[in-house]
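[1] just coords:
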C-alpha cells in the first residue's frame, strides 16, 4: 500500500511539473521575457526537463533581446564555460558588461571574476575588488563569498578574519550556499569563532541542501567514514552523486570507487569508468592514476596498455606522487615501457621531493648501484638515512648491506647485523630471511632452530621464495621441527612456483624418489626442466639422465647429451663425468676417446681417482687404435 501511495505521489509531482512547464512555455511563446529566461534556465540546468544547452541559449537570447538582465548574464556564462557554444572569454565579457550596464548584481560579480583571473580582459585585481564590492552593494550573495574569501586568505585584501566572517555571514543570510560552507569551515577550525562541530555541521548541511558541491562532497565523505553521522554508504553515494553532477572531481573520483566496490550502490564498472574519466579529464592526479589502472586491468573498459601508460604519465606530470614512483620504477626496470634509467631516476627524484618513502629508498639504491645515477655512496647513505627516518624496512636492510660490504662506510659486521635485525623487526622479508639463515647456520649468531623457523615463517608468509625454500629444507631434514616430507613439499612448491631453482630441483628429487608422494617421473621432469632452463647445473644433469633413461619422457640420446653438456659447461662434476662417458661410449655423439680423455682429465686434476683410471684405460685404447 505504501509503495502504491509513493507511486501516486510521484505521478502527481510529475504531472504538476509538466503543467508548470506548459504554462511557462505558453508565456514564453507570447514574448514574456521572464518566462523566456526561466525556460532557458530549466534547459540549462536540466531542471524538470532534459538538459539542452541549445534550447537554453535559444530562450536566453529571446529574453536578452527584450533586455532581461538575468539572461544577459546567463549568456555570458555559457560563453565562459563553453556550454552549447564554443568557449570564448572575450564574448563572455561583452555579455557580462551588458548586464553591468543594467546594474545586474551577478554580472558585476562575474566581471570581478574576469578581472581577478585575467579572463577575456587584462588582469586587474583593483578592478576585481571594485566589481565585487559593487555586486555586494546590490546584495549579490556570491559577491560576499569572494570578498570573504579574499579577507580570509589575505590575498589582495588585508587578512582580516572579522571581515571574512562578516562577509560570509551576510552572504549566508542572503542564501549563498558557498558562504554557508565557509561558515562551516570557520566553526570547524575555530577561526575567529569558538570551535564548534555542531554549528559547523549545521552550516555544511545547509550549504549541501542548497546545492553547494563542496558541502555535498563533505557530507558524502562524513557518511562514508562514519564521521559525525552513522556510517552509510548509501547516503555517501547520494551526496557524492549530487556533487559529481556539478563537476566536482573529488566527488566524481570517490563515487567511481563506490561503483568499483559496490558499496552504497550496485557494483557497476561502466559507471565507475565514466565518473573516473570525468575526474581525470579535469586534471585530477588521483583520478588520472586510477584511470590508468582501470585501463591496465580492463575495469569498465577493454585493457589498453597504450592508454594505461598515457594516463599514468599524465598523473605523474600532474604531480601525483604514486604515479611518479610507479612510472619511475617501470622505466628503471623496463616494465611495459622501453627501459630508460635516466628517465626513471628523474621521476623517482620528483617523488622524493614529495616525501615518498619508497622513492627515497629507490634513489638511495640507484646511487649505491650506479644505475641511472652516477655511483655515489655518500648520496646513497644520505637517501637511505632519509628513508630510515620514515621507517623504511627496505632502507634498513640496504644500510646493513652498506656496512656488510663497506660501501661508503668502514666495513662492520656488527653494525650490519644491527641493521639487518632492525629491518627484520620492521617486517622486511629479506631481513627476516637473513636473520633466519644466521640462526639456522650458526654463523655470527648462535644456532637456534626455533628462532630460524620464526624468522623464515614471517618472511615466507610475505611470499619470500628464499625463506619458503629454507622452511622446506628444515622440514625435509627435521632441523628443529618434526621431519615432514609433506610440509617440505608444501614449502618447496611455493618457492618453486616463484622460480626458485633449488626448490624446483628438490621437488624433482622428491617426486623421483617418491618421498611422501607416489613416484612420478613426469612431475620430476617438469620441475627439473623448469630449474634447468634457468641454468641450474644439477637440474640440467638430471634432465639429461631422464632423456637418457627414457623416464618421464621418450628416450632421446641427443637431447640427453645436450642437457648433460650444459651441466658440464658449468663445471658440475657429475655432468662432466657423464659427458665424458657419452663420448667414451658414443651415446648421443660420435664416439671420441680423445674428447672423453680431455673431460676425464679435468676431473682427474681435481683429485678423482675414477677419472684417473678412465684416463689410463682410454689412452691405452687410443694407442691400440693408432697401431
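    All right, it came through fine. Keep in mind the model is a prediction, meaning the values are calculated, not measured.

[2] hey, let's count contacts and neighbours off CA atoms from now on
    OK.

[3] neighbours around residue 50, how many?
    11 (other CA atoms under 10 Å).

[4] that one sits in which helix or strand?
    If you go by DSSP states H and E, residue 50 is not part of any helix or strand.

[5] ok, it to residue 241 distance?
    18 Å (CA to CA, to the nearest Å).

[6] poorly predicted segments of the chain, please.
    Along the chain, segments meeting pLDDT under 70 span 1-19, 627.

[7] in three-state terms, label the residue nearest the centre of it for me.
    For the chain, the residue nearest the mean C-alpha position is residue 322 (5.9 Å; CA atoms, centre = their mean). Classification of residue 322 using DSSP: H, G, I helix; E, B strand; the rest coil returns helix.

[8] what about stretch 568-582, distance to the chain center?
    49 Å (CA atoms, centre = their mean, to the nearest Å).

[9] list the buried residues of that stretch.
    By neighbour count on 16 or more other CA atoms under 10 Å, the buried set for stretch 568-582 is 568, 572, 573, 574, 575, 576, 577, 578, 579, 580, 581, 582.

[10] check whether the third one really touches residue 603, as I assumed.
    If I follow you right, that is residue 573. Yes. Assessed by CA atoms under 8 Å, residue 573 is found in contact with residue 603 at 7.2 Å.

[11] let me see the ranges of the strands in the stretch 501-627 of the chain.
    Using DSSP state E, counting those that start in this stretch, no strands are found in the stretch 501-627 of the chain.

[12] so residue 391, which of the three states?
    Look at residue 391: counting by three-state DSSP, its state is coil.

[13] does the nearest residue to residue 477 once chain neighbours are set aside sit in a helix, a strand or a coil?
    Nearest-residue entry for residue 477: residue 483, 6.0 Å, with adjacent residues in sequence omitted and distances by CA to CA, 6 or more residues apart in numbering. Recorded secondary structure, residue 483: coil (three-state DSSP).

[14] neighbours around residue 483, how many?
    Other residues close to residue 483 by other CA under 10 Å number 15.

[15] got the buried residues for stretch 489-500?
    In stretch 489-500, counting by 16+ other CA under 10 Å, buried: 489, 490, 491, 492, 493, 494, 495, 496, 499, 500.

[16] residue 243 contacts residue 251, doesn't it?
    Yes. If you go by CA under 8 Å, residue 243 and residue 251 touch, sitting 5.9 Å apart.

[17] follow-up on the earlier one: ok, the buried residues of stretch 568-582 vs residue 452, which is closest?
    In terms of CA to CA, no member of those lies closer to residue 452 than residue 572, at 30.2 Å.

[18] quick check: the gap between that closest one and residue 424.
    For residue 572, the distance to residue 424 equals 35 Å [CA to CA].

[19] please apply the same query to residue 246.
    According to CA to CA, residue 246 and residue 424 sit 49 Å apart.

[20] which of those two has more neighbours?
    Higher neighbour count among residue 246 and residue 424: residue 424, with 25 against 16, using other CA under 10 Å.

[21] any idea which element the more buried one lies in?
    For residue 424, the enclosing helix or strand under DSSP H and E is helix 413-425.

[22] who's in contact with that helix?
    393-397, 399-404, 430-432, 434-435, 455 (CA atoms under 8 Å, 6 or more residues apart in numbering).

[23] repeat for stretch 589-599
    Stretch 589-599 is contacted by residues 558, 561, 576-577, 579-586, 614-615, 618-619, 622 when judged by CA under 8 Å, 6+ apart.

[24] same deal with stretch 78-87?
    53, 54, 57, 88, 89, 91, 92.

[25] any idea how many residues pack against residue 47?
    Neighbours of residue 47 (other CA under 10 Å): 12.
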